[in-house]
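Trainee: fold the stuff below for me.
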Amino acid sequence: MDGVSFEVDEGAALGIVGESGCGKTSLGIAVMRLLPSNVQRFDGGIYLDGQDLQRLSKEEFRRTIRWKKIAMVFQGAMNSLNPVMRVGDQVAEPLLVASDIGRKGAMARVSDLLEMVGLPREAAQRYPHELSGGMKQRILIAMALILNPRLLIMDEPTSALDVSVQAQIMNLIKRLKVQLNLSVIFITHDIALASDICDTVCVMYAGELAEIGTAETILKEPRHPYAQLLLSSIPRLRGRAKPAYIPGDTPDLVTPPPGCRFHPRCPYVFEPCRIRSPGPFPLGGAHLARCWLLQDSKHGPDQA
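Mentor: Reported below is the predicted structural model:
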């Protein structure tokens, strides 16, 4: 990831969208400071209430920030749950480690959380294989909320669920966001899904933020060619226009292309794109896009 910068307001949701391999999950893991120890370079600032979390030692971050102020719901519920432990014990574990509340108090908190996420209290006694995909996803959300974090990072929490269960989980996330005044970073490859919950949307490509703006702006007036092509790939309920596709593949981030990283696939490519990395250029308010066609914000590619 290079030059990634964004803000998440209290009680607001920010969506990170893009194709597989563009760096969405790596971004969430970086915020949680869970990148592998052999990562080549990890610098910049992560600020919470004005405090630069990068200045904290690993132990200070683990003890005071991770799960207490920032928690994450990882992709793939079954892979995140221990198959030989009852789910109630797994939800309670962070609370037992972080406080002296005792097992009885911890399990009472677990029961309350299960009800909050729409599960019966007796679900705490079940093993992961006894639960449906939607129930397992709710367990992960309860686990992330056990220490009352202020920021919740959700990595494609509905990707393995059918449409009806997906809608239930999205409604749950929206309800918890309001009920708990949660700030949310919602990672997904589905830009339409992000628009259902997010106030701000970041379109990510090849480890960079291609475009960032309000959800309404990104959906109605995308300015970066990649954001336009992403939107044009979504099937429409009305109209005869067929979904488009983006030619080519995402680049290898070990050796990204020079200049604009999207230029090998861009229909509007011209000479500067192949040589220098663009922007990001301001487009009014908090709307930014990384494209040479937008160097003068009055001009840019027609929407696809």
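
Trainee: residue 154 - that's part of a strand, no?
Mentor: Yes. Using DSSP: H, G, I helix; E, B strand; the rest coil, the assignment for residue 154 is a strand.

Trainee: quick one, what contacts the closest residue to it other than its chain neighbours?
Mentor: Distance criterion CB to CB, 6 or more residues apart in numbering; nearest residue to residue 154, sequence neighbours excluded, is residue 73 at 4.6 Å. The C-beta positions use only the backbone N, C-alpha and C, and glycine is treated the same way. Applying CB atoms under 8 Å, 6 or more residues apart in numbering to residue 73 gives the contacts 137, 140, 141, 144, 152, 153, 154, 155, 157.

Trainee: per-residue confidence for residue 157?
Mentor: For residue 157, the pLDDT comes out at 89.

Trainee: so what touches the lowest-mean-pLDDT helix or strand in the chain?
Mentor: Within the chain, no helix or strand scores below helix 77-80, which has a mean of 80 by mean pLDDT, DSSP states H and E. Helix 77-80 is contacted from outside by 74, 128, 133, 136, 137, 139, 140, 160, using CB under 8 Å, 6+ apart.

Trainee: mark which of those are part of strands, please.
Mentor: Counting by DSSP state E, the contacts of helix 77-80 place none of their members in strands.

Trainee: in a helix, residue 164, correct?
Mentor: Yes. Assessed by three-state DSSP, residue 164 belongs to a helix.

Trainee: enumerate every residue touching it.
Mentor: Going by CB under 8 Å, 6+ apart, residue 164 touches no other residue.

Trainee: what of residue 103?
Mentor: 92, 96.

Trainee: what are the phi and psi angles of it?
Mentor: Dihedral pair for residue 103: phi -60, psi -40, per degrees, to the nearest 10.

Trainee: where's it relative to residue 145, distance?
Mentor: Using CB to CB, to the nearest Å, residue 103 is found at 19 Å from residue 145.

Trainee: what do you get for residue 221?
Mentor: 35 Å.

Trainee: same thing with residue 283?
Mentor: Distance, residue 283 to residue 145, using CB to CB: 36 Å.

Trainee: one more: residue 195?
Mentor: Separation of residue 195 from residue 145 (CB to CB): 24 Å.

Trainee: looking at those two, which has the bigger crowd around it?
Mentor: Legend: neighbour count by other CB atoms under 10 Å for residue 195 and residue 145, higher for residue 145 (22 against 17).

Trainee: which residue packs closest to that one, ignoring adjacent ones?
Mentor: Of all residues not flanking residue 145 in the chain, residue 113 sits nearest, at 6.0 Å (CB to CB, 6+ apart).

Trainee: that neighbour: which element?
Mentor: Secondary structure assigned from DSSP states H and E places residue 113 in helix 103-116.

Trainee: that helix: which residues count as buried?
Mentor: 106, 107, 109, 110, 111, 113, 114, 116 (16 or more other CB atoms under 10 Å).

Trainee: any idea how far the closest residue in space to the first one that isn't next to it in sequence is from residue 70?
Mentor: Okay, so that is residue 106. Setting aside the residues directly before and after it, residue 106 is nearest to residue 92 in space (CB to CB, 6+ apart), at 4.2 Å. Residue 92 sits at a distance of 20 Å from residue 70 (criterion: CB to CB).

Trainee: repeat that for residue 84.
Mentor: Distance from residue 84 to residue 70, counting by CB to CB: 28 Å.

Trainee: looking at those two now, which is surrounded by more residues?
Mentor: The neighbour count for residue 84 versus residue 70, taken as other CB under 10 Å, is higher for residue 70 (23 against 8).

Trainee: what sits against the closest residue to that one other than its chain neighbours?
Mentor: Take residue 70 and drop its neighbours on the chain: the residue closest to it by CB to CB, 6+ apart is residue 151, 4.6 Å away. Contact analysis of residue 151 by CB under 8 Å, 6+ apart lists 8, 48, 69, 70, 71, 182, 183, 184, 185.

Trainee: same thing but at 10 Å, please
Mentor: Residues near residue 151 by CB atoms under 10 Å, 6 or more residues apart in numbering: 8, 10, 14, 31-32, 48, 65, 69-72, 182-185.

Trainee: one more: residue 28?
Mentor: Contacts for residue 28 (CB under 10 Å, 6+ apart) come out as 16, 34, 70, 72-75, 153-156, 185-187.
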